[in-house]
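>>> below is the structure, and that's it, no one-letter string:
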C-alpha cells in the first residue's frame with residue numbers, strides 16, 4: 001500500500017508541475033488536491049479539498065465575498081506564503097474552543113481550516129449574512145494553536161472550486177449557482 005501512496009503522490013506532483021489546474025488523488029486517508037493555476041468550470045466539485053504546504057505560517061488579515069454571474073466567491077487574504085488548508089462540507093458549524101453552534105442561516109455548510117496560520121490582526125467579518133444565489137453567510141470561527149477556521153453557509157450543496165492566488169496571497173473559493 002505504501003508503494004501505491006508514493007506513486008499517487010508522484011502523480012499528483014507531476015500533474016501540478018505540468019500546470020494542470022486541479023488533480024485529486026483518491027485512495028488516501030484524505031483526498032489531496034493540488035492547485036497549480038486558475039481553475040476552470042470543470043474543476044468544480046463537492047469532495048473535500050486538502051492541501052499541504054509545510055513550513056509556511058501566514059497571517060490571515062481579511063475575508064471578502066462577491067457575487068458573480070455564475071458563482072459566488074469567498075476570498076481569504078493572507079500575509080505570507082500560503083499554508084495548508086482543507087475545505088469541506090460539514091453537517092454543522094461550531095466555534096473553535098467553545099463548541100457553540102455558529103448561527104448562520106443556510107441549508108448546507110462548508111468548513112475552511114488553514115493550518116499553521118494565525119489571525120492576530122484579522123479585520124474581516126466575524127459573522128455576516130448574505131442573500132446571494134448560493135452564499136448565505138460567513139463566520140470567523142476560530143484562531144487557536146495554529147489553526148484559523150471559517151464557516152460558510154449556502155442555499156444548497158453547491159459545487160465549489162478552490163484556487164491559490166499570489167501577490168498578494170489569497171485563498172479563493174467559488175460556489176457555483
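On my side now, so go ahead. On a predicted model such as this, the values are computed, not experimentally measured, just so you know. Numbering: from 1, shown residues only.
>>> wait, residue 142 touches residue 126, no?
No - checked against C-beta atoms under 8 Å, the pair residue 142 and residue 126 is beyond contact range at 11.2 Å. Backbone N, C-alpha and C define where each C-beta goes, glycine included.
>>> the more surrounded of those two?
Shown here are residue 142 and residue 126; by other C-beta atoms under 10 Å, residue 142 has more neighbours (18 against 10).
>>> any idea what that one is bridged to?
Here residue 142 sits in beta bridges with residue 149, going by DSSP bridges.
>>> any idea how far it is from residue 50?
Residue 142 sits at a distance of 18 Å from residue 50 (criterion: C-beta to C-beta, to the nearest Å).
>>> which helix or strand contains the closest residue to residue 150 other than its chain neighbours?
Spatially, and ignoring its direct neighbours in sequence, residue 150 is nearest to residue 112 (4.4 Å; C-beta to C-beta, 6 or more residues apart in numbering). Following DSSP states H and E, the helix or strand that holds residue 112 is strand 108-115.
>>> picking up where we left off before, next up, the contacts around the residue nearest to residue 150.
Under the criterion of C-beta atoms under 8 Å, 6 or more residues apart in numbering, the contact list for residue 112 reads 74, 76, 85-87, 149-152, 171, 173.
>>> how far away is it from residue 143?
According to C-beta to C-beta, residue 112 stands 13 Å off from residue 143.
>>> what is in contact with the two at once?
In the contact map built from C-beta under 8 Å, 6+ apart, the residues linked to both residue 112 and residue 143 are residue 149.
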